[in-house]
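Student: Sequence first, predicted coordinates after that:
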Amino acid sequence: MSDFDEFEILSSEDLEEFDSFISELVNEIEEEDEQTSVIDFSMYKTMQVSLAKIKSMFKGTGASVSYKLHEPYRSVGYISIVGKNLSIENPKVFAAISGLASNVEIYPKTNGTVQINLTYHGLTKPID
């Protein structure tokens, strides 16, 4: 008996329900992205202050810090940190910065580096 036997396999109905949920979510996001919107300066400032602090934290470590605004949707932006042996000297500050982001991903890459992405939703607000 393998460890996988303990996990319940999703039924075809469960998978169809999940696919439907994802499709509806994507449609909502794409509809919102097509609306006229304005920058939410509070969220934009949060991201810019986070970016400045992260650049300062990783300066001289060999890590690459980059950011993108309005990708993959107009209301989204992200900061990426990529490097080998990423060491966070002040974890409390990094945790506080991470808490300002909508989502945080940390994963190893096949080239031996580690990537940290901080995603910020709500950079723009639709106007109606």
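Tutor: Nice, I can see it.

Student: At which residues are the helices of this structure located?
Tutor: Under the criterion DSSP state H, the chain contains helices at 12-34, 41-58, 91-100.

Student: counting contacts, what elements does the second one pack onto?
Tutor: What that stands for is helix 41-58. strand 64-69, strand 76-83, helix 91-100, strand 114-121 (3 or more C-beta pairs under 8 Å, 6 or more residues apart in numbering; DSSP states H and E). Quick note: C-beta positions are derived from backbone N, CA and C, even for glycine.

Student: ok and that helix relative to strand 76-83, angle-wise?
Tutor: Relative orientation of helix 41-58 versus strand 76-83 (axes from the mean of the first three to the mean of the last three C-alpha atoms, to 10 degrees): 0 degrees.

Student: so which of the helices of the chain comes closest to residue 122?
Tutor: helix 41-58 (4.8 Å; C-beta to C-beta).

Student: What lies in contact with the closest one?
Tutor: 65, 67, 69, 77, 79, 81, 83, 86, 88-90, 93-94, 97, 100-101, 118, 120, 122-123 (C-beta atoms under 8 Å, 6 or more residues apart in numbering).

Student: As PDB, could you dump the C-alpha coordinates of it?
Tutor: These are the backbone C-alpha positions of helix 41-58, laid out as PDB (Å, rounded to 0.1, in the frame of the first residue of the first chain):
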ATOM      1  CA  PHE A  41      -2.300  55.300  -5.400                       C
ATOM      2  CA  SER A  42      -2.400  53.700  -1.900                       C
ATOM      3  CA  MET A  43      -1.700  50.200  -3.300                       C
ATOM      4  CA  TYR A  44       0.800  51.600  -5.900                       C
ATOM      5  CA  LYS A  45       2.700  53.400  -3.000                       C
ATOM      6  CA  THR A  46       2.600  50.200  -0.900                       C
ATOM      7  CA  MET A  47       4.300  48.300  -3.800                       C
ATOM      8  CA  GLN A  48       6.800  51.100  -4.500                       C
ATOM      9  CA  VAL A  49       7.800  51.400  -0.800                       C
ATOM     10  CA  SER A  50       8.100  47.500  -0.600                       C
ATOM     11  CA  LEU A  51      10.300  47.500  -3.700                       C
ATOM     12  CA  ALA A  52      12.600  50.200  -2.300                       C
ATOM     13  CA  LYS A  53      13.000  48.300   1.000                       C
ATOM     14  CA  ILE A  54      13.600  44.900  -0.800                       C
ATOM     15  CA  LYS A  55      16.200  46.500  -3.100                       C
ATOM     16  CA  SER A  56      17.900  47.800   0.000                       C
ATOM     17  CA  MET A  57      17.700  44.400   1.800                       C
ATOM     18  CA  PHE A  58      19.200  42.500  -1.100                       C
END
